[in-house]
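Chemist: what shape does this take:
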Amino acid sequence: MKKILVCADGSSYSVECCKYASWLSKQSGASIDVLYVTDMRQFQVPMVADLSGSLGIQPYDGVMDQLRQVEDYKAGYVKEQVEQVFEDEGISDRVSFHHETGLLVDEIEEYADKADLIMLGKRGENANFATEHLGSMLERVVRSVTKPCLVTSRAFKPIDHVALAYDGGKSCRKALDYMVNNELFRAFDIHLITVAEGSSEDSAAAHLQEAEKTLNAGGLYPACQVLTGEVETAVSDYVRHAKVDLLIAGAYGHSRIREFLIGSTTTEFLRRCHVPVLCFR
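Modeler: Now for the predicted structure:
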């Protein structure tokens, strides 16, 4: 891991995401790019449109200029906020801050191509007011990037125990390869789990044996467990009871365990699971 891309927005979740990035940078020596994107949609609100129609173009221009000034101040605040986190962690020399204007899902592409890992908080600026809602850009970013994407949780905690939710699919095999080829995982207690939902336990066990063999060949020796029941409940319960600090899973596929980061299954799962999730496409 040589470069980490952190998506920042000034929220408390963004601060904790930076703490996770600092921790990972110290473990791997990676440099960090922090990206803050001014969302253009806020300049297109009905209030602005109404002003332009009723008061003429000059008041409209004035409002737009003020909104842009406020956004410039906010960008400066976000920059100071994240730089303080990295200064406190003693790695300021590894960090670069970038401010773009547009939509995060569009602007991230150029930066993502240069990164080995993309990170963002599970919730955004409205986390304190909408505690049951995920960040508005979360799913779109996870869908759009091809690099591993780490969705961080409310409060930073050093990672010791890691669980891989495995179903034999392509994205899960990509996660396996990533773990085997990343020295960082040799310091962790690894759990390998699968869920026998809609299939026999023998089939699920076969998937698990396949994954265990790959990890063993790479010097990783996981504790293996076949779970039963609904995927979201089974996995989140295991994460809680086993005191897992990081969950790894494929983000796309046909089975529910690979698709838990998309749609209603994703929303329900991430509400229950209070640890970072490392996603692979």
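
Chemist: what's the first-to-last distance across stretch 27-35?
Modeler: 21 Å (C-alpha to C-alpha, to the nearest Å).

Chemist: do stretch 179-196 as well
Modeler: Using C-alpha to C-alpha, the two ends of stretch 179-196 sit 23 Å apart.

Chemist: any idea how many residues pack against D177?
Modeler: When counting by other C-beta atoms under 10 Å, one arrives at 12 neighbours for D177. C-beta: built from backbone N, CA, C; applies to glycine.

Chemist: er, V15 actually
Modeler: 17.

Chemist: repeat that for S12.
Modeler: Counted with other C-beta under 10 Å, S12 comes out at 15.

Chemist: look up how far D160 lies from it.
Modeler: 23 Å (C-beta to C-beta, to the nearest Å).

Chemist: need the longest helix for this structure.
Modeler: For the chain, the longest helix by residue count, based on DSSP state H, is helix 57-88.

Chemist: for K26, phi and psi?
Modeler: For K26, the backbone dihedrals (degrees, to the nearest 10) come out as phi -70, psi -30.

Chemist: quick one, helices of the stretch 1-150 of the chain?
Modeler: Using DSSP state H, counting those that start in this stretch, the helices assigned to the stretch 1-150 of the chain run over residues 12-28, 46-55, 57-88, 104-113, 138-144.

Chemist: next, format those as JSON lines and append distance to Y238 and mean pLDDT.
Modeler: Conversion of these to JSON lines gives the following (distance: least, C-beta to C-beta, whole Å; pLDDT from 0 to 100):
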{"stretch": "helix 12-28", "distance to Y238": "22", "mean pLDDT": "96"}
{"stretch": "helix 46-55", "distance to Y238": "46", "mean pLDDT": "51"}
{"stretch": "helix 57-88", "distance to Y238": "31", "mean pLDDT": "82"}
{"stretch": "helix 104-113", "distance to Y238": "30", "mean pLDDT": "92"}
{"stretch": "helix 138-144", "distance to Y238": "22", "mean pLDDT": "83"}
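
Chemist: so of those, which one's packed in deepest?
Modeler: helix 12-28 (a mean of 21; mean count of other C-beta atoms under 10 Å).

Chemist: that one versus helix 57-88: what angle between them?
Modeler: In terms of direction (axes from the mean of the first three to the mean of the last three C-alpha atoms, to 10 degrees), helix 12-28 departs from helix 57-88 by 40 degrees.
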